[in-house]
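[1] Okay, sequence plus prediction incoming.
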Amino acid sequence: MKVAGERVLVNRYVCEIAHGPAPSPEHEAAHECGNPSCFYADCLRWATTVENNADKLKHDTHNRGERHNLAKLTEHEVLQIRELEGSASRNEIADRFGVSYRHVYSIHKRAAWPWLE
């Protein structure tokens, strides 16, 4: 929306009206209700990116893993890749699953998909 001729995010604008200015430029308008299209002042609060991302996990509104639009693997395939560690080369595993050696390495080192066990 536009306010005084300037484009602003509705949730940020409503949060500022209800709760005052953001404590810092890094703060985001977070949704207590978990609904990103909700703009009720009571549902919004200022949060850091870390806090806001934790809320997304709590509300199950995140887009990590296979929910991400660029994901090439499913959670099941990631677990299979981990099971194959040591029994096949990373290049062989990468070819089998259609991903790069680097991605297989990241999965094995738990840098990619670290929440999966």
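    Perfect, I can see it now. Numbering: from 1, shown residues only.
[2] which residues in the protein form helices?
    Assigned by DSSP state H, the chain shows helices spanning 10-19, 49-59, 75-83, 90-97, 101-108.
[3] among these, which is the most enclosed?
    Comparing the helices of the chain by mean neighbour count (mean count of other CB atoms under 10 Å), helix 101-108 ranks first with a mean of 18. To be clear about C-beta, it is placed using only N, CA and C from the backbone, and glycine gets the same treatment.
[4] That helix: how far from the chain's middle?
    Centroid separation between helix 101-108 and its chain, computed with CA atoms, centre = their mean, to the nearest Å, is 20 Å.
[5] so what's residue 103 closest to, chain neighbours aside?
    Counting by CB to CB, 6 or more residues apart in numbering, the nearest residue to residue 103 once its immediate chain neighbours are dropped is residue 112, at 6.4 Å.
[6] Would you agree that neighbour is in contact with residue 99?
    No. If you go by CB atoms under 8 Å, residue 112 and residue 99 don't touch, sitting 9.7 Å apart.
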